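Peer 1: pasting the structure only:
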């Protein structure tokens, strides 16, 4: 058994609580925040705002997975409002858990489009 480490939960604790199914209409598009184009776009549109408000001179992967809730919330709010090239909103953002244990899927809109 693994020793208690802050932020660590055993897989059976998480797995036993997976109670929601998220229906996804296909085709749908998710935002890949690990792509250089995505990070460049965030810097172009939010870089100055985050630098002035939070002292973050450049948005990086570390910013996206960081502990600065004001920065990550500002980024999430901006992403939620973006209309993609096909005229639709992104379904959300897939991301690796910073605590390990696989992928998480963060929808940008509620079921029903709200």
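Peer 2: Now that the structure is in, tell me what you want to look at. The structure displayed is predicted, hence computed values, not measured ones.

Peer 1: CA only for contacts and neighbour counts going forward, please
Peer 2: Will do.

Peer 1: So the residue most central in space within the chain, which state does it fall into?
Peer 2: In the chain, the residue lying closest to the centroid (CA atoms, centre = their mean) is residue 93, at 4.7 Å. Classification of residue 93 using DSSP: H, G, I helix; E, B strand; the rest coil returns strand.

Peer 1: Check whether it really touches residue 107, as I assumed.
Peer 2: Yes. Counting by CA atoms under 8 Å, residue 93 does reach residue 107; the two are 6.3 Å apart.

Peer 1: rewinding a little: need the contact list for the residue nearest to the centre of the chain.
Peer 2: By CA atoms under 8 Å, 6 or more residues apart in numbering, the contact set of residue 93 is 30-33, 105-108.

Peer 1: Okay, and which of those residues map to strands?
Peer 2: 105-107 (DSSP state E).

Peer 1: Throw those residues into a markdown table and include neighbour count, pLDDT and distance to residue 78, thanks.
Peer 2: Output for the ones in strands among the contacts of residue 93, formatted as a markdown table (neighbours: other CA atoms under 10 Å; pLDDT from 0 to 100; distance: CA to CA, whole Å):
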| residue | neighbour count | pLDDT | distance to residue 78 |
| --- | --- | --- | --- |
| 105 | 14 | 73 | 17 |
| 106 | 14 | 74 | 14 |
| 107 | 16 | 73 | 13 |
